[in-house]
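Peer 1: Okay, sequence plus prediction incoming.
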Amino acid sequence: MKRRNFLAATAAATLVPAATVAPVAAQAKMILKATDVHPLGYPTVEAVVRMGTKLEQATGGRISIQMFPSMQLGGEKEMIEQAQLGAVQIARISVGPMGPLVPEMNVFNLPFMFRDSAHMEKVVDGEVGDEILKKLSDHPTANLIGLCWMSGGTRHVYNARRPITSVADLRGLKIRMMGNPLFVDTMNTLGGNGVAMGFDQLISAMQTGVVDGAENNEPSYAGGQHYRYAKYYSRTGHLIIPEILVFSKRSWNALSASDRTLIANMAKEAQKEQRQLWQAEEAEALRKMIAAGAIVNEVGNKREFQDAVRPVWDKYGAQHQALIARIQAIN
Ligand code: GTR
């Protein structure tokens, strides 16, 4: 059976009560399948695992979470599709690949949109964050419920050839970007060669020279041991992208109102928990990657990079001027 057919076939079965004799539907056991590209122990994964433990405690074991970490179910594109079908209930994904689905989300994907992580966190914690989650949940065809935000640090460019200190150093480098035309345009505008592919394909692409490198935060670079293939890690800081926990709308619609409230509240707690775990992990990852041989450098003049990506803002930001102004006004 093709993967998609298999997923469709299993989707319907996912929320079927585990107990065959269930006197009342409310007591039926429910195992929520969750997935993440990162391994067990990574802050986003750990926060969702803890959310599962809390859900079990709160429901006397009726609701639990089964985690499929480490790209076991594919890259983020596949994870989104599976959540849309209801083959998994919970997916923790980056806002990166969500931009083509929900246009407002692409505002978060604009290079240098946020001044720093604290700015991004303030934005997602406030009205704008709530509105965008709702935009996703209300979207007629996205088929996902936005539960909460998570932190994904700051993304920097890394490659096998040379340190990047100015925009000119990117010229001709093949850099893997997340699957969203905005990111490919960003890299191309900077003079590099943006190549869109899933996170699950990146290591083999670096090994075979299909790409010279990629761009990501320290925990993803260190955790995936990407320094083995691309040792120059240059702190371009071009993207600060929030991550998001989504729930399959198909599965959500099958839940009772009280279970929805419980899951939504637990997700908000997971957001806080992940942020704490993230801060510790970010510092630790930087230490680990340097110890493993990564060569980290600052770029000479950030302004030069910011100026170079203006065409990307013109192309993708023009229709969202009001939202951009609100984000910029948040201090
Ligand atoms: C990581 C992020 C993942 C995924 C990955 C990527 O930082 O946590 O959700 O977006 O980057 O580059 O595909």
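Peer 2: It's in.
Peer 1: Mind checking the pLDDT average for the longest helix belonging to the chain?
Peer 2: The helix of greatest length in the chain, counted in residues with DSSP state H as the criterion, is given as helix 257-291. Computed over helix 257-291, the mean pLDDT rounds to 98.
Peer 1: now for it, which elements pack on it?
Peer 2: Helices and strands in packing contact with helix 257-291 are listed as helix 43-58, strand 63-68, strand 144-150, helix 218-223, strand 243-248, strand 295-298; criterion 3 or more C-beta pairs under 8 Å, 6 or more residues apart in numbering; DSSP states H and E. Heads up, the C-betas are built off the backbone N, CA and C, glycines and all.
Peer 1: That helix and the ligand in contact?
Peer 2: No. Contact check for helix 257-291 against the ligand, using C-beta under 6 Å from any ligand atom: none in range, with a minimum separation of 10.2 Å.
Peer 1: Numbering from 21 from now on, please.
Peer 2: Understood, numbering begins at 21; the last thing we discussed is helix 277-311.
Peer 1: now that helix against strand 164-170, angle please.
Peer 2: Taking axes from the mean of the first three to the mean of the last three C-alpha atoms, to 10 degrees, helix 277-311 and strand 164-170 form an angle of 50 degrees between their directions.
Peer 1: For the residue nearest the centre of the chain, give me its contacts.
Peer 2: When the chain is reduced to its mean C-alpha position, the closest residue under C-alpha atoms, centre = their mean turns out to be residue 114, at 1.7 Å. Under the criterion of C-beta atoms under 8 Å, 6 or more residues apart in numbering, the contact list for residue 114 reads 96, 172, 198, 261, 263, 264.
Peer 1: Of those residues, which fall within the contact range of the ligand?
Peer 2: Taking C-beta under 6 Å from any ligand atom, the overlap between the contacts of residue 114 and the neighbourhood of the ligand is 96, 172, 198, 263.
Peer 1: Ignoring the adjacent residues along the chain, who's closest to the second one?
Peer 2: Closest residue in space to residue 172, ignoring its immediate chain neighbours: residue 263 at 4.4 Å, by C-beta to C-beta, 6 or more residues apart in numbering.
Peer 1: swap in the third one?
Peer 2: Ranked by C-beta to C-beta, 6+ apart and with sequence neighbours excluded, the top spatial neighbour of residue 198 is residue 116, at 3.9 Å.
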